[in-house]
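[1] A structural model of the following input is requested.
(2 chains)
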Amino acid sequence: MFTYYLRLAWISIVKHWGLSLVMITAIGLGIGASMTTVTVNYLMSANPIPHKSSQLYNVQLDSWDVNEPYNDDGSPPEQLTYRDGTYLINAKKAFRQNIQAQANAVIEPEGDDALPFMVTARANSADFFTMFDLPFIYGSGWDDSSDDSKQQVVVLNNETNQRVFGGENSVGKNIKIGGNYFKVVGVIDYWDPKPRFYDISTGAFNDAEEIFVPFSMIAEEKIGRSGNTNCWKPTGDGFQAFLNSECVWLQFWVELPNAEAKEEYMSFLGAYVDQQKALGRFERPLNNRLNNVMEWLEQQQVVTDDAVMMMTMSLMFLLVCLLNTVGLLLAKFIGKAPEIGLRQALGASRRTLFAQYIIESACIGIAGGLLGLVFAWLGLQGIALLYGDMLKGLTGLDTSMIVSAVGLAILTSILAGLYPTWRACNVQPSQQLKSQ
Amino acid sequence: MLTMNNISKVFQTDEVQTHALRDFHLKVNEGDFISVTGPSGSGKTTFLNIAGLLENFTSGTFMLDDIDISKLNDRGRSKTRNEKIGFIFQSFNLIPDLNLYDNVDVPLRYQGLSSKERKKRIVHHLEMVGLGSRMKHLPSQLSGGQQQRVAIARALATNPRFLLADEPTGNLDTQMAKSVMALLEEINQQGTTIIMVTHDDDLANRATRKIQIKDGRVSELDVVSDRANSKIKATEEAIA
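    Predicted coordinates:
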């Protein structure tokens, strides 16, 4: 009977193509608008490293001005000073720890015809690769000894390796970055966590960096630092003065395998801040924080209030489209009352008729869902055009969202079809047959 | 096969009670061709709707092949309607979007028959009514008489125990009406019981039994048709 119902649905949809088109368009618009915003919200609020997000903690210390909090809500700066960061990394009190900052550099490939090009870089310590599970094609990250001895080593992403070395195993080869030679120790496969949790300060949805160099290269001035810097008092002259200043500009992450380790690390941070207070720093009340990945993303409001508002409005729009579809289906099915009466006379039970017309509603929903996907794709392209790099990486439909869109459309159309179908199936056949 | 005892049907509005049928008694035997006459509003259609399980009655008992109809739920009534009753309507009631083949197919679908069996029955019955060559035509491409023949084919396709015909020739010209009536007589002669509501005394007289409904009550009239007489005579001869 299912194929029979599908055939009847097709005949009905084609016969009343104008009405069907209006319903399909209404559902398509509703689905398109809601899926556009749901997709953005879904990708914004996704867990970028689900298998260990609860063990990775961002470290915050409140070294800010005693007279004015860093944030209105009293939360400490999102980044650390160089002094604090280097102390924590050298202390090695966590299972793993990583100090990092954004940088940029110019690569000068070998060969007369090769032109230099700019890349985004991350200056980080050795544990970055193991903490954040970067996938390696060739080689690996560097080790702690390379950090300690300030070796000029680099990890390339696949794209950069393709560009400079034609994609071959470049481990052990040298590459000229910013006028200095770095030895390639590893090449990573595609890695682009969204949101880019490890450095929200430079954009939660920007692409991951193209090369990775030891954090010490910044202090050695072998690589140019970039990213956000916030200061609350003068820094003095020269780069060394800047490094010793109270400016916050680097991110610090630790991996703590359990609650006990977290507690111990908090105690360690507390002791450090107390020590610094004795030296005249950290004049604000003790305000150290350890947030795991999802807590960190929430605290940083990666999913903006605007995005949530847009999603709510688009879901309300879907509701309006749904109500319109209810009205249109009601008109269509009531118009079919004589046929329904006749089918009852010929042996169709209410349940049979209900199945027939709910399948017709679902068919309209599927068509609406597919159209909705087109609208959603257009909507996402529109957002990409409107916001550019700001929301780069959030404007793609993945399989789960496609399935969700069609599923939502079918569910929506079935919901929309319930009342009209129920009404239609409760017609009095004798009345309908008489009125024909 | 069909017995109605003390059937009454009351239509209730806020202020008015209308007795469409009252103290209605009728026994229909296998092979009967019953014509039902009566003035407008007398309750003919109500009777036909109750007999066809399209409408509930207010009180009384209605047995169909020893099934107490009042005890059936919607599914049971649908099944009984589908398997035992065929309908022929004044306005044909074909589904305009479906071709003749698919129209006749409708009740067979609800019987859950195999595709092969359905095809066999559809082709047989459409050929029986002389429309075997027009199976892919839509109802709108046929004359009124042809549409009524399709409706008859559809009614017969499920091999029902009896046919309920509501003014089957009401929308047809005289020639078409005669042809449809002849077809009904032929079907009856093959053993199908027919109950036919009509305003036309000539057609009513061609039935083997003639009942009249007046003010919701039924009365049996004398049978006047040659066909009926010959049938009675044949029965008497058989008994003798």
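
[2] The residue in chain B positioned nearest to chain A: neighbour count?
    For chain B, the residue closest to chain A is residue B:82, as judged by C-beta to the nearest C-beta, at 2.5 Å. C-betas here are computed from N, CA, C, even on glycine. Look at residue B:82: counted by other C-beta atoms under 10 Å in any protein chain shown, it has 24 neighbours.

[3] swap in residue A:266?
    Other residues within reach of residue A:266, judged by other C-beta under 10 Å, total 16.

[4] What of residue A:199?
    Per other C-beta under 10 Å, the neighbour tally for residue A:199 reads 24.

[5] helix or strand for the closest residue to residue A:234 other than its chain neighbours, which one?
    Closest residue in space to residue A:234, ignoring its immediate chain neighbours: residue A:245 at 8.0 Å, by C-beta to C-beta, 6 or more residues apart in numbering or on different chains. Using DSSP states H and E, residue A:245 is not contained in any helix or strand.

[6] check contacts around the most centrally placed residue in chain B.
    Centroid-nearest residue in chain B: residue B:164, 1.0 Å away (criterion: C-alpha atoms, centre = their mean). Neighbouring residues of residue B:164 by C-beta atoms under 8 Å, 6 or more residues apart in numbering or on different chains: B:48, B:51, B:52, B:85, B:86, B:87, B:88, B:195.

[7] so who does the nearest residue to it once chain neighbours are set aside touch?
    Nearest non-adjacent residue to residue B:164, counting by C-beta to C-beta, 6+ apart: residue B:52, 4.8 Å away. Neighbour list for residue B:52: A:345, B:81, B:85, B:87, B:164 [criterion: C-beta under 8 Å, 6+ apart].

[8] So which of those sit within helices?
    Residues of the contacts of residue B:52 located in helices (DSSP state H): A:345, B:81.

[9] Select only the buried ones of the contacts of residue B:52 in ChimeraX?
    Buried residues within the contacts of residue B:52, by 16 or more other C-beta atoms under 10 Å in any protein chain shown, are selected in ChimeraX with:
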select /A:345 /B:81,85,87,164
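
[10] picking that back up, can you add pLDDT and give the contacts of residue B:164 back as a markdown table?
    Converted to a markdown table, those look like this (pLDDT from 0 to 100):
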| residue | pLDDT |
| --- | --- |
| B:48 | 88 |
| B:51 | 89 |
| B:52 | 89 |
| B:85 | 90 |
| B:86 | 90 |
| B:87 | 89 |
| B:88 | 88 |
| B:195 | 91 |
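
[11] Can you give me the buried ones in stretch B:30-40?
    For stretch B:30-40, burial by neighbour count (16+ other C-beta under 10 Å) applies to B:31, B:32, B:33, B:34, B:35, B:36, B:37, B:38.

[12] and residue A:69, what does it touch?
    Shown in contact with residue A:69 (C-beta under 8 Å, 6+ apart): A:75, A:284.

[13] So which of the buried residues of stretch B:30-40 is the closest to residue A:318?
    Distance to residue A:318 across those (C-beta to C-beta) is lowest for residue B:36, with 54.6 Å.

[14] Helix, strand, or coil at the closest one?
    strand (DSSP: H, G, I helix; E, B strand; the rest coil).

[15] what do you get for the one 3 residues further on?
    Judged by three-state DSSP, the three-state class of residue B:39 is coil.

[16] May I have stretch A:360-369 exported as CSV, CA atoms only?
    Provided in CSV are the C-alpha atoms of stretch A:360-369 (Å, rounded to 0.1, in the frame of the first residue of the first chain):
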residue,chain,number,x,y,z
GLU,A,360,1.1,13.0,0.9
SER,A,361,2.0,15.6,3.6
ALA,A,362,5.4,13.9,4.1
CYS,A,363,6.1,13.9,0.4
ILE,A,364,5.4,17.7,0.4
GLY,A,365,7.8,17.9,3.4
ILE,A,366,10.5,16.0,1.6
ALA,A,367,10.2,18.3,-1.4
GLY,A,368,10.2,21.3,1.0
GLY,A,369,13.2,19.9,2.8
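
[17] Now look at it and say if it contacts chain B.
    No: judged by C-beta under 8 Å from any C-beta of the partner chain, stretch A:360-369 makes no contact with chain B; its nearest approach is 12.5 Å.

[18] if I look at the closest residue to residue A:346 other than its chain neighbours, how far off is residue B:211?
    Nearest residue to residue A:346, sequence neighbours excluded (C-beta to C-beta, 6+ apart): residue B:107, at 4.1 Å. Separation of residue B:107 from residue B:211 (C-beta to C-beta, to the nearest Å) stands at 27 Å.

[19] Looking at those two, which one has more neighbours?
    Taking neighbours as other C-beta under 10 Å, residue B:107 and residue B:211 compare with residue B:107 leading, 28 against 20.

[20] so which helix or strand takes in that one?
    helix B:100-111.

[21] I'd like to know which elements that helix is packed against.
    Helix B:100-111 is packed against helix B:74-84, helix B:115-128, helix B:144-157, with contacts defined by 3 or more C-beta pairs under 8 Å, 6 or more residues apart in numbering or on different chains; DSSP states H and E.

[22] Run through who's touching it.
    For helix B:100-111, the surrounding residues in contact (C-beta under 8 Å, 6+ apart) are A:1, A:4, A:343, A:346-348, A:352, B:78, B:82-83, B:94-95, B:98, B:117-118, B:121-122, B:125-126, B:131, B:134-139, B:142, B:150, B:153-154, B:157-158.

[23] Cross-check the contact I'm expecting between residue A:182 and residue A:213.
    Yes: with contact defined as C-beta atoms under 8 Å, residue A:182 reaches residue A:213; the gap is 6.6 Å.
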